[in-house]
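> here you go, sequence then predicted model.
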Amino acid sequence: MTDTTTSDHSTTGLGYNSQQDREGITTETHDWTMITAGSLIQNQHVVTIEASTPVEDACEILIKNNISSAPVYDVDVSSIPSSPSSPVGAIKKLNYVGMFDYGDLITYLLIVLRKMDVPDGEQTLEIKELVRRALGGQSVPVKLASGAYLSRKNPFYSILPEATLLSVVEEFACGTHRVCVMDANGEIKGILSQSTVVTYLHKNVNKFPQLKLLLEKS
């Protein structure tokens, strides 16, 4: 974050003043940019989709859970050496490979129906395999429909729970629709979307005087 000790004019336009509202000066945070991502996703139930799940089933998962997107994961099974106290075993690690949403589904259908042209430079093996399977009546795993060209506008981004709301908003400004809040062990604790952030700020605008002032001027 830019040091505002000599340039407060660069931050007040964003709805906060880091000199007056610096977190820690009072017992309550009045600087919305310093709110942590983890505090906005408490008690979330995260729905994930295994990479080999057919596209049709993945779509049904979104509908049943009333959600617009879900992280897609591959399972990486690694062997661990034996020791006197434990036999040889395996550790399952989840590798997140993308996000699947309705936009991916629509793009998938358009490509398969030949209603959408994929640029030659984007004709990856994954896209060719997707089309081959679909036209051959085979099951298409959601991994193919949520990766490469199809998920360009909906990539998988993760942040730590202690990341600030400012860093999240900056990511959104680059075109990202949502970010996964992931702990140091690689477990997704929640998903922070643009709508979640906007709803939070709207409901709590009175807690952030500078932001309220900015919105009143808009």
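Thanks, I have the structure now. Residues are numbered from 1 along each chain as shown.
> OK, contacts around the closest residue to residue 167 other than its chain neighbours?
Nearest non-adjacent residue to residue 167, counting by Cβ to Cβ, 6 or more residues apart in numbering: residue 159, 7.0 Å away. Backbone N, C-alpha and C define where each C-beta goes, glycine included. Contacts for residue 159 were tallied using Cβ atoms under 8 Å, 6 or more residues apart in numbering; they are 37, 167, 168, 171, 179, 180, 181, 182, 192.
> confidence score at residue 159?
On pLDDT, residue 159 comes in at 95.
> any idea how far it is from residue 51?
22 Å (Cβ to Cβ, to the nearest Å).
> residue boundaries of the helices in the chain?
9-12, 55-64, 102-112, 125-135, 142-145, 165-173, 194-203, 209-217 (DSSP state H).
> redo these as CSV? Include mean neighbour count, mean pLDDT and distance to residue 42.
Shown next, in CSV, are these (neighbours: other Cβ atoms under 10 Å; pLDDT from 0 to 100; distance: least, Cβ to Cβ, whole Å):
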stretch, mean neighbour count, mean pLDDT, distance to residue 42
helix 9-12, 14, 40, 27
helix 55-64, 16, 94, 23
helix 102-112, 17, 81, 26
helix 125-135, 15, 76, 36
helix 142-145, 26, 82, 28
helix 165-173, 17, 94, 14
helix 194-203, 14, 92, 12
helix 209-217, 15, 81, 21
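> mind checking which of those is nearest residue 33?
Residue 33 lies closest, by Cβ to Cβ, to one member of the helices of the chain: helix 165-173, at 3.6 Å.
> contacts for stretch 132-147 next, please.
Residues contacting stretch 132-147 (Cβ under 8 Å, 6+ apart): 49, 51-55, 57-58, 72, 74, 97-100, 104-105, 108, 112, 126, 129-130, 154.
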